[in-house]
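*Asks:* Let me see the structure of the following:
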Amino acid sequence: MKKKINKDEIDLIDFFFIIKQNFIKIFSISLVSTILMIIYLFNQNSNEQIYSAKTAIEPISTFDLSEYSAYNNYLRNVLKKFQERNNLQKISKDDMDMVNEANDKLYESFDINKDYLMQLFIDQLKEREIFIEAIKKFDLINQDNFKFEKDFEDEVRKVANNIKITQETKNKNLLNNWNLEFQVSNIKKWNSFLFFIEKKTNEDVRKYLNKSFENLIVNEERLKKYAIEDLEIEIFNSDTDLKLKQELLKNKQILIQDKKTERLEDLFQATPVLNPNKFYAAKIKVHSTTYSNQSKNLSKTPLILSAAIIGFILGTFYVFISHSIRVRSKLYN
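*Replies:* Here you go, the predicted model:
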């Protein structure tokens, strides 16, 4: 008895024959699938990538620090001589004690060194107002994406607060172990942002130092004036004690002839603080920024191969379905 043959069945030879006969169709479908995947990947690649950026902040160099040496040395010598003079004269009046105490605090806190300048720089950054200004200036956030001004301002401040000012925990004694860390999508804009931050922060520190020095001089002159006025009162009341009166007159003359503030002003004016183009408290090492790509980058090759294989399978199904339809049409016709 002969076995009944099912016309819908396709043996292995027919399978390869059909593929060979419709290879152009299968290849075309596979090619279209591959091209679509390439276009998709290209569009994905054109999107902004996310990078983790880390930038070091370095202190002023030893060479630049030397430009403050004359001022710093005189500052220390003035304080030392002032205290020695008061000790020799055995001045014990309240006003002179006040002068001594004020000088201790003012002069000792105004010695310009690497630590002091770096700390001023970092403190200014921590205020984050400079970050807010720079974010707006360089369009790190697109204001057009916000309907209300308040929402935009809130987002700007949020981004500014997300900029990390970090210090290496392993070497806290080092001056150059501060870093700025942030996730960026546009490296060019971020570099411009950093250059602006460096310049603006240094200028703010420079103005602060200049204003602080002016206040120091004003306070010193005011204290000097108070001390002279008090000595004049004591001189007026010491007519019966000529020895005391002579000592008070001597002290008054010393105060009047004292030129330390004038000399200190001259030395301060010779420092870079009065030169905006020369002064810096710290430098942001923009060109040494390290960038680590945080985007989910899938390998393109496997995706393209997968698209080609899927296209081949779909093409194969298509030609076999088409073949089956044609066979059925012939049988029923």
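*Asks:* And the contacts of stretch 199-214?
*Replies:* By Cβ atoms under 8 Å, 6 or more residues apart in numbering, the residues outside stretch 199-214 that reach it are 110, 112, 117, 120-121, 124-125, 130, 133-134, 268, 273-274, 276, 279-282. No exception for glycine: its C-beta is placed from N, CA and C like everyone else's.
*Asks:* Kindly report the same for stretch 17-32.
*Replies:* Residues outside stretch 17-32 that contact it (Cβ under 8 Å, 6+ apart): 10, 308-309, 311-312, 314-316, 318-320, 322-323.
*Asks:* quick one: buried residues of it?
*Replies:* Neighbour counts over stretch 17-32 (16 or more other Cβ atoms under 10 Å) mark 18-19, 22, 26, 29-30 as buried.
*Asks:* can you check stretch 144-153 too?
*Replies:* Within stretch 144-153, the residues that qualify as buried are Phe152, counting by 16+ other Cβ under 10 Å.
*Asks:* Measure how far it is from the centre of its chain, please.
*Replies:* 24 Å (Cα atoms, centre = their mean, to the nearest Å).
*Asks:* ends of it, how far apart?
*Replies:* Length of stretch 144-153, first residue to last, Cα to Cα, to the nearest Å: 12 Å.
*Asks:* Report the mean per-residue pLDDT for that stretch.
*Replies:* In this model, stretch 144-153 has an average pLDDT of 91.
*Asks:* quick one on the thing from earlier: what about the contacts of stretch 199-214, which are in helices?
*Replies:* Among the contacts of stretch 199-214, the members falling in helices (DSSP state H) are 117, 120-121, 124-125, 130, 133-134, 268.
*Asks:* what would the buried residues of stretch 17-32 look like in TSV with distance to Glu198?
*Replies:* Listed next are those as TSV, based on distance: Cβ to Cβ, whole Å:
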residue	distance to Glu198
Ile18	70
Ile19	66
Asn22	66
Ile26	61
Ile29	57
Ser30	54
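*Asks:* just curious, which of those is nearest to Ile256?
*Replies:* Top of the list for closeness to Ile256, among the buried residues of stretch 17-32 and by Cβ to Cβ, is Ser30 at 99.6 Å.
*Asks:* Next SSE downstream of the one helix or strand the closest one maps to?
*Replies:* If you go by DSSP states H and E, Ser30 is part of helix 23-46. Going down the chain from helix 23-46, the next helix or strand is strand 51-59, by DSSP H and E.
*Asks:* Can I get the helix or strand that that following strand is followed by in CSV, CA atoms only?
*Replies:* Per DSSP H and E, the first helix or strand lying C-terminal to strand 51-59 is helix 62-65. Below are the C-alpha coordinates for helix 62-65, written out as CSV (Å, rounded to 0.1, in the frame of the first residue of the first chain):
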residue,chain,number,x,y,z
THR,A,62,55.9,78.2,46.1
PHE,A,63,57.2,80.7,43.5
ASP,A,64,53.9,82.7,43.7
LEU,A,65,53.9,82.5,47.5
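*Asks:* Check which helices and strands helix 62-65 is in contact with.
*Replies:* Using 3 or more Cβ pairs under 8 Å, 6 or more residues apart in numbering; DSSP states H and E as the contact criterion, no helix or strand is in contact with helix 62-65.
*Asks:* tell me the average confidence for that helix?
*Replies:* Averaging pLDDT along helix 62-65 yields 90.
*Asks:* Mean pLDDT per helix and strand in this protein: which one sits at the bottom?
*Replies:* helix 94-108 (a mean of 55; mean pLDDT, DSSP states H and E).
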